[in-house]
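> I'd like to go over a predicted model; first the sequence, then the structure.
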Amino acid sequence: MKNFLDLADFPRDEIVELLALAERLRERPEPNALKGRVLGLLFFNPSLRTLASMQVAMARLGGESFVITPGSGSWQLETRLGVTMTGSAAEHIREAIPVLDSYCDVLGVRAFAEGCDLAADLAERNFTNIASLCRHPLINLESAVNHPCQALADWKTLDDLKVPRRGRFVLSWANHPRALPLAVPAATVHMAALRGMDVVVLRPPGFELPDSIMDKARRAAAGSGGSVSETDDRAAALAGAQVVYAKEWGSTEHYGNAEAEARARSGLGDWMVQESWFQKASPDCHLMHCLPVRRNVAIADEVLDGPRSRVLAQAHNRLVVQMAVLYRLLGAAPAGRLH
Amino acid sequence: MKNFLDLADFPRDEIVELLALAERLRERPEPNALKGRVLGLLFFNPSLRTLASMQVAMARLGGESFVITPGSGSWQLETRLGVTMTGSAAEHIREAIPVLDSYCDVLGVRAFAEGCDLAADLAERNFTNIASLCRHPLINLESAVNHPCQALADWKTLDDLKVPRRGRFVLSWANHPRALPLAVPAATVHMAALRGMDVVVLRPPGFELPDSIMDKARRAAAGSGGSVSETDDRAAALAGAQVVYAKEWGSTEHYGNAEAEARARSGLGDWMVQESWFQKASPDCHLMHCLPVRRNVAIADEVLDGPRSRVLAQAHNRLVVQMAVLYRLLGAAPAGRLH
Amino acid sequence: MKNFLDLADFPRDEIVELLALAERLRERPEPNALKGRVLGLLFFNPSLRTLASMQVAMARLGGESFVITPGSGSWQLETRLGVTMTGSAAEHIREAIPVLDSYCDVLGVRAFAEGCDLAADLAERNFTNIASLCRHPLINLESAVNHPCQALADWKTLDDLKVPRRGRFVLSWANHPRALPLAVPAATVHMAALRGMDVVVLRPPGFELPDSIMDKARRAAAGSGGSVSETDDRAAALAGAQVVYAKEWGSTEHYGNAEAEARARSGLGDWMVQESWFQKASPDCHLMHCLPVRRNVAIADEVLDGPRSRVLAQAHNRLVVQMAVLYRLLGAAPAGRLH
């Protein structure tokens, strides 16, 4: 394993093995496995779970980490190529990324979608640039349309809950005050399809997932025996659901257009997950969400505080699976001389 | 010891033992005591001593720590229960606290008083909510009306200085540009009373400490042989003082009312501790303050830079006593499997 | 070695030995050398390389570190002596520095020039105050007119590149949207002179380096067999150059006067290093810069992305030489009881 950028980079078997390694490290910690190794963390965007769990994952394995936050204690970074840098950014990623990479054994980077140009975001233009600048292993801590650490943690949570491989997995759009990125919905639909589930994307008109995201999930489903479909019929989608995964995302029809987006969003207030949504679902239907979640906007208190909610288990599994990712990326080769 | 939230949670003997442990760890460090253990630190408010000394305390015992600062690199957190989260907070403490708790072995949280509703602050409404969400040990790094780490460090400083148990301890109100919380005065008056001292609270009219704070201190004094009184007569208060502990706090008469508070505060500029205050005090009277302190507003340069000042010893003892707290909370049980 | 504040504090031989130690630690890491030791880092100004590389240097040697950023998670700090603190700073360095110093085994501080009063900045008034407050070793992470960690890393880079001791080293002024401090140019001209190089400072009129900086470099050159000169004739300066070290700095003629500075700066847009600058230089002439650099303002993409650029090697050597500095400052004495 050279990098951890996308679950789609790995055969399904390798992911299953990674999940087994995660469980082994949870059961039998190896506090000296990564002694002397250093994880660099670069956050272009806010974080709670990722920021804490990556540091803890490294610490639990005996390693160290450092955090760089451009614009807060560190220089603002320019990401566009070829520009004349007379703006607020004092440094370019073409210097910053190789420099940070040269200090550490593995680098984790969070860089959300820019949210203006759907094609550029779908192509992972920014993250691909970043990855091309790294010599050491790179971990995607959420890019424009991916979040493989979250997807892996969610897969482990489904396994821990013994959700059947062919279970009905509903990814439901949820309400939010403004447009959020496509990273988690894209990673989730792919993960559930690759696990082999019957995946239904439930969303209002104008919020369809882009073809490239759906096609990628369908290819995964084809190999794993699952299926992927999309609908705006909530009752049909939820009937028999074993998992409802709620997630907020922006209108793909009006991508990058805040005004049209706001109009499309008005009147969608009933897309808040409530207990009544689960009437026709499987009796033990689980509620998942990657967090952070706005209570009583995306999901009602009654659901988050009720017995269906698995959001804390998902968040804890971030730590568990990231230990496995770091172990796999670094564990084979012993620490040696600096280059 | 399950949590470290309030000195009043412990019998006096247990605190004396904790101080002895602190001295032992200072004299004979145990750099592997907490190897493999992780301290999470959540700061809703700024910090210098607590932020640095908690990390160092953990490091000196061989452990690791991480820091989360809501609103700076991490999401703003909502603390109110039952609200519809359409504001600036992206996440609720009902998710954030259990998630962080699940990553670490011990969690430290700083959450100052909101400063609007005196009854709610005195009841520690916010911190009590936070504590109810934790499974692992929790350390209070300053709540609405408590600061047990500071109080423990101050007790150790008094012991180090060999201040007599029954010595005269004056907690004096000090000038500040605006209202500050009651946490340190409340913790200080209780600590000194529990140590067995004759405690005098010296403050201008309108700045009386609330009954519940005074009553708690009086109960501690009753058990330890000390006493607690309150006055606005500076000369009487300072006569024979062995310790003057200066602290700024807001008007309790005008709590949460900035305008009335400012009026009450105007004309109190002479409540800056100066060398002349010590004329009738004990000749070797000590000046204490928890820091940060505004020079030449709360305390004059001549006092802070003079031989009475113990503020640096107090700050250093933060590190020393927190090592003991962490050792006691975590030291007994060895590191094991993650839950 | 008690502190690391200025290369000029050490005999040339001691610096050569320090560079040899750096190379040894790079080749043969000592991951337990500083086990149990703590580095405190105080950043009054933004940082990427220093922030990351200091933490990693400590981690690679088995130690720990913490970071304090006044005004971001920590209190704003007052640096002026004798003031009445009614402004935005809640704490004074006279408390903050000794407190942080008392928590750690070695302290690193970054405090840029204030940029108002040239004489005060040249005298290192602020950093001298800070240094006087420390008991433990102190590392200068960039002060008003010094940056010894950068200078040491640059020296190592010149050695790694086998640049001849008596080679021609051109420090060239480079364009920038606004005035930057004199720290790196001052440290660079001194370092290159101390190494024994023929140093030429190339800058437009009004941007002369102050006499005290040039005189210090000339004294170093006198002892090492090098030379130091200054010119605004670019063609003459660059002819035969083996190194071009580009750096932005403010007008010394109009120091602290933003309007006059902006006027002096207008029309200097051709002071961007381009490939055409190297026509008469030595064929393998190296381009150096301390970073961060504004692409296509100070240096053109074609140079930074071309074969001359050594900026990444310089940045990586920050880590390498700082390991040696920490090792020398702390390595001799074993960890012991806290004071």
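That came in fine, so what should we check first?

> The closest residue to chain B within chain A: neighbour count?
Nearest residue of chain A to chain B (Cβ to the nearest Cβ) works out as A:Pro292 at 3.4 Å. (Each C-beta comes from the backbone N, C-alpha and C, glycine too.) A:Pro292 has 26 neighbours, counted by other Cβ atoms under 10 Å in any protein chain shown.

> got the residues of the stretch 1-150 of chain A near chain B?
Counting by Cβ under 8 Å from any Cβ of the partner chain, the positions of the stretch 1-150 of chain A adjacent to chain B are A:26-29, A:31, A:43, A:46-49, A:51-53, A:55-56, A:59-60, A:62, A:64, A:67, A:69, A:72.

> which of those count as buried?
Buried residues within these, counting neighbours by 16 or more other Cβ atoms under 10 Å in any protein chain shown: A:26, A:29, A:43, A:46-49, A:51-53, A:55-56, A:59-60, A:62, A:64, A:67, A:69, A:72.

> Report the backbone C-alpha coordinates of the helix or strand bottoming out on mean pLDDT in chain A in CSV.
Every helix and strand of chain A was ranked by mean pLDDT, DSSP states H and E. The lowest is helix A:258-265, at a mean of 93. Included here for helix A:258-265 are C-alpha records, laid out as CSV according to Å, rounded to 0.1, in the frame of the first residue of the first chain:
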residue,chain,number,x,y,z
ALA,A,258,-25.3,30.3,-4.2
GLU,A,259,-28.5,32.1,-5.1
ALA,A,260,-30.1,29.3,-7.2
GLU,A,261,-28.9,26.8,-4.6
ALA,A,262,-30.7,28.7,-1.9
ARG,A,263,-33.9,28.7,-3.9
ALA,A,264,-33.6,25.0,-4.7
ARG,A,265,-33.1,24.4,-0.9
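
> And the strands in the stretch 201-339 of chain A?
A:227-231, A:243-247, A:286-288 (DSSP state E, counting those that start in this stretch).

> coming back round to it: hey, what's the nearest residue to the residue of chain A closest to chain B once chain neighbours are set aside bridged with?
Once flanking residues are discounted, A:Pro292 sits nearest to B:Glu91: 3.4 Å by Cβ to Cβ, 6 or more residues apart in numbering or on different chains. Per DSSP bridges, the residues bridged to B:Glu91 are B:Leu77.

> tell me the contacts of the residue of the stretch 1-150 of chain A at minimum distance from chain C?
Residue nearest to chain C within the stretch 1-150 of chain A: A:Glu91 (3.4 Å; Cβ to the nearest Cβ). Residues in contact with A:Glu91 (Cβ atoms under 8 Å, 6 or more residues apart in numbering or on different chains) are A:75-78, C:48, C:291-294.

> Which members of those residues are classed as buried?
A:75, A:77-78, C:48, C:291-294.

> Taking those residues, tell me the two that lie furthest apart.
For the buried ones among the contacts of A:Glu91, the farthest-apart pair by Cβ to Cβ is C:Leu48 and C:Arg294; their separation is 13.9 Å.

> Verify the stated contact: A:Ser143 with A:Ala131.
No: between A:Ser143 and A:Ala131 there is no contact under Cβ atoms under 8 Å: 9.2 Å.

> which one of the two has more residues nearby?
A:Ser143 (26 against 17).

> ok, the closest residue to that one other than its chain neighbours to A:Ile93 distance?
Nearest residue to A:Ser143, sequence neighbours excluded (Cβ to Cβ, 6+ apart): A:Phe127, at 3.9 Å. Computed as Cβ to Cβ, to the nearest Å, the A:Phe127 to A:Ile93 distance reads 11 Å.

> From the residues of the stretch 1-150 of chain A next to chain B, which land in strands?
Among these, the members falling in strands (DSSP state E) are A:43, A:64, A:67.

> can I get the residues you listed in a markdown table with pLDDT?
Output for those, formatted as a markdown table (pLDDT from 0 to 100):
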| residue | pLDDT |
| --- | --- |
| A:Phe43 | 98 |
| A:Glu64 | 97 |
| A:Val67 | 98 |
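
> what residues are shared contacts of A:Ser143 and A:Ala131?
In contact with both A:Ser143 and A:Ala131: A:Leu5, using Cβ under 8 Å, 6+ apart.

> Below-threshold pLDDT in the stretch 51-200 of chain A: ranges please.
Across the stretch 51-200 of chain A, no stretch falls below the confidence threshold (pLDDT under 70).

> And the strands in it?
Under DSSP E, counting those that start in this stretch, the stretch 51-200 of chain A gives strands at A:64-68, A:77-78, A:91-92, A:106-110, A:138-140, A:168-173, A:198-202.

> which bits of the stretch 151-300 of chain A sit near chain B?
Counting by Cβ under 8 Å from any Cβ, the residues of the stretch 151-300 of chain A that sit close to chain B are A:177, A:291-297.

> could you redo the last one with a cut-off of 6 Å?
A:177, A:291-292, A:294-297 (Cβ under 6 Å from any Cβ of the partner chain).

> Centroid-nearest residue for chain A?
By Cα atoms, centre = their mean, the mean C-alpha position of chain A lies nearest to A:His147, the distance being 2.4 Å.

> hang on, the earlier thing: tell me the buried residues in the least confident helix or strand of chain A?
So for helix A:258-265, counting by 16+ other Cβ under 10 Å, buried means A:261, A:264-265.

> and which of the residues you listed is nearest to B:Ala113?
A:Arg265 (37.0 Å).

> Excluding chain neighbours, give the residue nearest to that closest one in space.
A:Ser251 (7.0 Å).

> The one you found - how many residues pack around it?
With other Cβ under 10 Å as criterion, A:Ser251 counts 23.

> Would you agree it is in contact with A:Glu261?
Yes: contact criterion Cβ atoms under 6 Å: A:Ser251 and A:Glu261 qualify, at 4.9 Å.

> List of residues touching stretch A:4-16?
A:139-140, A:146, A:148, A:151, A:191, A:194, A:325 (Cβ atoms under 6 Å, 6 or more residues apart in numbering or on different chains).

> and what of stretch A:63-74?
A:34, A:37-44, A:55, A:58, A:76-77, B:73, C:46, C:48, C:52, C:55, C:59, C:69, C:72.

> From the opening residue of it to its closing one, how far?
23 Å (Cα to Cα, to the nearest Å).

> Repeat that for stretch A:25-32.
Rule used - Cα to Cα; the end-to-end distance of stretch A:25-32 is 12 Å.

> So that stretch, near chain C or not?
No: using Cβ under 6 Å from any Cβ, we find that stretch A:25-32 stays clear of chain C, coming within 11.2 Å at best.

> Report the rounded mean pLDDT for that stretch.
Confidence for stretch A:25-32, expressed as mean pLDDT, is 94.
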